[in-house]
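# below: sequence and its predicted model.
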Amino acid sequence: MEGSLNMVGYGLAAIGPGVGIGLIFAAYINGVARQPEAQGRLQSIAILGFALAEALAIIGIALAFVL
Amino acid sequence: MIRADVSRAEGFTPPGPGDFDLQPLFGDSYAFAKPGLQLILAGVLVFGFFAVTSRRAAMVPSKAQFAGEQAYGFVRNSIARDIIGSHDFMKFVPYLVSLFFFLLINNVFGLVPFIQFPSFAKASFAYGLAALTWILYNGVGVWKHGLFGYIKHQSVPPGVNGPILLLIVPLEFISNLLVRPVTLALRLFANMFAGHLLLVLFTLGGEYLLLEADQVLYKPVGVVALLLAIAISFLELLVQFLQAYVFTLLTAMYVQGALAEEH
């Protein structure tokens, strides 16, 4: 077996943001299901939250290559 | 367009960050390679698109004018006006519109045949663009609140009193003024980088399994990998659009945060 342990570490690190992004979109879908007319407002908030949670995974992949 | 000639050893070597070092177009320096050309091309395309569609603007729009207005209206209404607010969003619409379409075209270059390299998979370009946004929102904030007023505005959240300020103020200062442009740039860069790497991995791996691997059993797996590469291309299209949108949305939010009145 060859390869870099960094990638295993990155796989583990991606669990957190994965769960977080899932929760964000679950809440977004819930909100739209309860109040469809609020979709426009919820969408930008959901995408913002997604971008912030995703930043963790992104920093992880950058560090996985750099370290 | 010049293809990167990456020599591969016997057996399969997975793609890595080295695949992103493209051959320089002239000379030996890496200062100007394919991504630099793509940036210029994207700038020309954005300018050309809006110049052509807004020329001879008429009350009853032609098809081209309608397309241009739809594109402009999307950024103006759903990003600039919704986030910055109807009072002073118009000043920032030109920057936001050009930013969004510049990013979108550069990202979609990752899937355009014969180009197939998202420009912002090179980190330096993403840092440059984030620096532009950083200068914009800080400039706006300093212009609105004055230098010290703006630093106070960004680092002291309203409604926080007492000794907790000792902890909050440095954190807010670092997060709002120093880390923001870095995460903004890294998000764009790493999404483009990871997406491109994924596509390269699936196509090269599929090709290797299908044509070069010794065992017959590997060939169907190669076909599956190539089919997955096509599916991932569509996912990438979504990500490319989303990253252009998120970058512009965050720029608008930072400007809005810098402009907001004291509570």
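That came in fine, so what should we check first?
# setting aside sequence neighbours, what's the nearest residue to A:Ile58?
Counting by C-beta to C-beta, 6 or more residues apart in numbering or on different chains, A:Ile58 lies nearest to B:Ala190, which is 4.1 Å off, once chain neighbours are set aside. The C-beta positions use only the backbone N, C-alpha and C, and glycine is treated the same way.
# is it true that that neighbour touches A:Ile61?
Yes: counting by C-beta atoms under 8 Å, B:Ala190 does reach A:Ile61; the two are 5.4 Å apart.
# more neighbours, those two?
More crowded of B:Ala190 and A:Ile61, by other C-beta atoms under 10 Å in any protein chain shown: B:Ala190, with 24 against 20.
# so where's the chain shaky on pLDDT?
Using chain A. For chain A, applying pLDDT under 70 flags the ranges A:1.
# sorry, should have said chain B
In chain B, residues with pLDDT under 70: B:1-10, B:30, B:262-263.
# now the helices for chain A?
A:5-13, A:15-34, A:39-66 (DSSP state H).
# tabulate the ones you listed (JSON lines), appending distance to B:Phe109.
Putting the helices of chain A into JSON lines (distance: least, C-beta to C-beta, whole Å) gives the following:
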{"stretch": "helix A:5-13", "distance to B:Phe109": "26"}
{"stretch": "helix A:15-34", "distance to B:Phe109": "26"}
{"stretch": "helix A:39-66", "distance to B:Phe109": "20"}
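# what's the most buried one of these?
Highest mean neighbour count of the helices of chain A: helix A:39-66, a mean of 17 (counted as mean count of other C-beta atoms under 10 Å in any protein chain shown).
# now that helix, how far from the chain's geometric center?
5 Å (C-alpha atoms, centre = their mean, to the nearest Å).
# for chain B, what are the nearby residues on chain A?
A:40, A:44, A:47-48, A:50-51, A:54-55, A:58-59, A:61-62, A:65 (C-beta under 8 Å from any C-beta of the partner chain).
# and those as TSV, adding distance to A:Ala13?
TSV is the format used below for the residues of chain A next to chain B (distance: C-beta to C-beta, whole Å):
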residue	distance to A:Ala13
A:Gly40	33
A:Ser44	27
A:Ile47	22
A:Leu48	22
A:Phe50	17
A:Ala51	17
A:Glu54	12
A:Ala55	12
A:Ile58	11
A:Ile59	9
A:Ile61	9
A:Ala62	11
A:Phe65	13
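# farthest pair in those residues?
Spanning the widest gap among the residues of chain A next to chain B are A:Gly40 and A:Phe65, at 37.7 Å by C-beta to C-beta.
# show me what the helix or strand hosting B:Val142 is packed against.
Element membership for B:Val142 (DSSP states H and E) is helix B:123-145. Applying 3 or more C-beta pairs under 8 Å, 6 or more residues apart in numbering or on different chains; DSSP states H and E, we find helix B:123-145 packed against helix B:93-108, helix B:147-155, helix B:180-207, helix B:218-259.
# let's go with 10 Å and repeat that
helix B:34-54, helix B:93-108, helix B:147-155, helix B:180-207, helix B:218-259 (3 or more C-beta pairs under 10 Å, 6 or more residues apart in numbering or on different chains; DSSP states H and E).
# thinking again about what came up before, my guess is the residue nearest to A:Ile58 meets A:Leu56, correct?
No: between B:Ala190 and A:Leu56 there is no contact under C-beta atoms under 10 Å: 11.0 Å.
# okay if I get the helices and strands packed on helix B:123-145 as JSON lines plus distance to B:Ile84?
Putting the helices and strands packed on helix B:123-145 into JSON lines (distance: least, C-beta to C-beta, whole Å) gives the following:
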{"stretch": "helix B:34-54", "distance to B:Ile84": "21"}
{"stretch": "helix B:93-108", "distance to B:Ile84": "9"}
{"stretch": "helix B:147-155", "distance to B:Ile84": "16"}
{"stretch": "helix B:180-207", "distance to B:Ile84": "17"}
{"stretch": "helix B:218-259", "distance to B:Ile84": "5"}
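# what's the closest of the ones you listed to A:Val8?
Nearest to A:Val8 among the helices and strands packed on helix B:123-145 is helix B:180-207; the distance by C-beta to C-beta comes to 16.4 Å.
# what residues does the stretch 151-263 of chain B put near chain A?
B:179, B:182-184, B:186-191, B:193-194, B:197, B:242-243, B:245-247, B:249-250, B:252-253 (C-beta under 10 Å from any C-beta of the partner chain).
# residue contacts, residue 32?
Assuming you mean chain A. Contacts were defined as C-beta atoms under 10 Å, 6 or more residues apart in numbering or on different chains; by that measure A:Val32 touches A:38-40, A:42-43, A:46.
# nope, chain B please
B:24-26, B:40.
# kindly report the same for B:Leu45.
With C-beta under 10 Å, 6+ apart, B:Leu45 has these contacts: B:101-102, B:105-106, B:109.
# what of A:Phe65?
A:4, A:6-7, A:10, B:16-17, B:190, B:193-194, B:197.
# rerun at 6 Å
Going by C-beta atoms under 6 Å, 6 or more residues apart in numbering or on different chains, A:Phe65 touches B:Pro17.
# cool, B:Lys219 as well?
Contacts of B:Lys219 (C-beta under 6 Å, 6+ apart): B:Leu210.
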